[in-house]
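Chemist: sequence and predicted structure below; questions after.
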Amino acid sequence: MTVTTLGPCRFRSPRSGFVSEEERVPANIIRGPGRDDDPGALFELAGPREMLFFDPPRVRAGIITCGGLCPGLNNVIRSLVRELHGGYEVREVIGFRMGYGGLDPRNHHEPVVLHHASVDDIHQQGGTILGTSRGPVDVAAAVDNLIRRKIDMLFCIGGDGTQRGAFALYEACKARGHALAVVGVPKTIDNDVLYVDRTFGYLTALEEARHVIDAAHNEARSVENGVAVVKVMGRHAGFIAAGATIASQDVNFTLVPEVPFRLDGEHGFLAAVIERVRERGHAVVVVAEGAGQDLFPTEPKATDASGNVKLKDIGPFLAKAIGEAFAAAKLPLTLRYFDPGYQIRSRPANCEDAVLCDMFARQAVHAAMAGKTGMVVGQLHGTFIHVPTSLIASGAKQLDTDGLFWHSVLAANQQPDRFG
Ligand SMILES: Nc1ncnc2c1ncn2[C@@H]1O[C@H](COP(=O)(O)OP(=O)(O)OP(=O)(O)O)[C@@H](O)[C@H]1O
Ligand SMILES: O=P(O)(O)OC[C@H]1O[C@](O)(CO)[C@@H](O)[C@@H]1O
Ligand SMILES: [Mg+2]
């Protein structure tokens, strides 16, 4: 599985510790009885190349952040700038402002020149110093701008939408005969990117979610019949809800998009909450924002500026349903509702995410210098790889409900496999 390269590599790299173009990382590594020996896709190994497509001192690089916030965005920006300037001594690094909208000069978001010193302490801040946005961009205008500014490589830090946008830019540049290396750094606290073991920001999100769950637990168990509902992010995947449940060990119910559930009936979710409160006096519920969407009436779905379906708000819906169920059962209830989504994703990266951000960013620079394009830096089995953007954008990762991780959730919260 080779990614596209802009052309022959004629320039010697100033870096060291080179990896070979022939080294590959298999998608499947488990062998044994009942296992297929097929290694699956073989990905290029990420890392510095001895020969480069670009002549470093002539390079102009661009960086952009798009989509929602995620802990570690500034760490990635910083390490990109430091690797480009410090590792390769490139000519110029430009930060495009306010997401893809900033590529179109008509939007008047003047780009900033990023120096070694100007990114000095940005990794200590949450958010993104470049700004971000959702919504379409005029690709032709964006490419005109990139060509006019003589940008050789563009680092696109963002989720699935950003990588699809990056691919559109790459294809448009190719059609215009402009050799642009478009390299993606996958971002999302949801951890739902294919061919990426763990996206940066995810562990910080777990840490923050766990603090909120601690508070929720304290609130619930300090009153009579206390029920705390905590809604966390996770549009299509329940990795944050599941991971925070395992980390906390104080959650009693974990609802995720991958496992549909029924509210009513003898084996429904509401009966289980009532039973738990009758027995133990309190309950903590963690719900991913994408869970239970089938419980809402189907109507024309609204979308955000980028075309993402706007989810129905499952948190207050559940809280209301719990309130009604307790009233019908004539049980007193003290309900506490927590929605810490933006509080979580705007935090600075924790230590493990900071390490991951640095690693992703530096591999992205090595790839771009070697002229790799239309690709995203991925990570499988702890090893950094090059993944064609088309593959990353072809789907999303979800919890394996037969896997160890989800089984640990069920072991920690003791909830049944299914409600209803
Ligand atoms: N198919 C596409 N072609 C071109 N641009 C796209 C495409 N899909 C999304 N984009 C653009 O990519 C940018 C980011 O997309 P989006 O808002 O969906 O966030 P994301 O990168 O998926 O991150 P998040 O995980 O926060 O949702 C937006 O400006 C959007 O218009
Ligand atoms: O930034 P917005 O538009 O509120 O979108 C929130 C979404 O962004 C994410 O944080 C992904 O970046 C999702 O978890 C969440 O559904
Ligand atoms: Mg997305």
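Modeler: Thanks, I have it. Residues are numbered from 1 along each chain as shown. Ligands and ions are numbered 1, 2, ... in the order given.

Chemist: and the pLDDT at the residue sitting nearest the centre point of the chain?
Modeler: With distances taken as Cα atoms, centre = their mean, Thr188 lies nearest the centre of the chain, 1.5 Å away. Thr188 carries a pLDDT value of 93.

Chemist: three-state assignment of the residue of the chain most remote from its centre?
Modeler: Distance to the chain centre peaks in the chain at Lys330, reaching 43.0 Å (criterion: Cα atoms, centre = their mean). Under DSSP: H, G, I helix; E, B strand; the rest coil, Lys330 falls in the coil class.

Chemist: equivalent analysis for Leu154, please.
Modeler: strand.

Chemist: so for Gly32, what's the pLDDT?
Modeler: 88.

Chemist: and Asp37, by the same measure?
Modeler: Predicted confidence (pLDDT) for Asp37: 82.

Chemist: same question, the one 3 residues further on
Modeler: Gly40 carries a pLDDT value of 90.

Chemist: residues touching it, list them.
Modeler: 26-28 (Cβ atoms under 8 Å, 6 or more residues apart in numbering). (C-beta placed from N, C-alpha, C; glycine too.)

Chemist: for Val19, same thing?
Modeler: By Cβ under 8 Å, 6+ apart, the contact set of Val19 is 45-49.

Chemist: again, but for Val90
Modeler: By Cβ under 8 Å, 6+ apart, Val90 lies in contact with 56-57, 59-61, 84.

Chemist: that one falls within a strand, correct?
Modeler: No: assessed with three-state DSSP, Val90 is coil; it does not lie in a strand.

Chemist: quick check on the residue nearest to it when sequence neighbours are not counted: phi, psi?
Modeler: Leaving aside its chain neighbours, Val90 sits nearest to Val59 (4.0 Å; criterion: Cβ to Cβ, 6 or more residues apart in numbering). Main-chain torsions, Val59, degrees, to the nearest 10: phi -80, psi 140.

Chemist: correct me, but Val59 touches Leu84?
Modeler: Yes: with contacts counted by Cβ atoms under 8 Å, Val59 reaches Leu84, the gap being 7.5 Å.

Chemist: looking at the two, which is more packed in?
Modeler: Ranked by neighbour count (other Cβ atoms under 10 Å), Val59 and Leu84 place Leu84 first, with 29 against 23.

Chemist: where along the stretch 101-250 of the chain do the helices fall?
Modeler: Secondary structure of the stretch 101-250 of the chain by DSSP state H, counting those that start in this stretch: the helices cover 139-148, 160-175, 202-221, 239-248.

Chemist: residues of the third one that come out buried?
Modeler: What it means is helix 202-221. Within helix 202-221, the residues scored as buried using 16 or more other Cβ atoms under 10 Å are 202-210, 212-213, 216-217, 219-220.

Chemist: list the contacts of the residue of the stretch 251-400 of the chain found nearest ligand 3.
Modeler: At 5.9 Å from ligand 3, Asn308 is the closest residue in the stretch 251-400 of the chain, using Cβ to the ion. Contacts for Asn308 (Cβ under 8 Å, 6+ apart) come out as 134, 161, 235.
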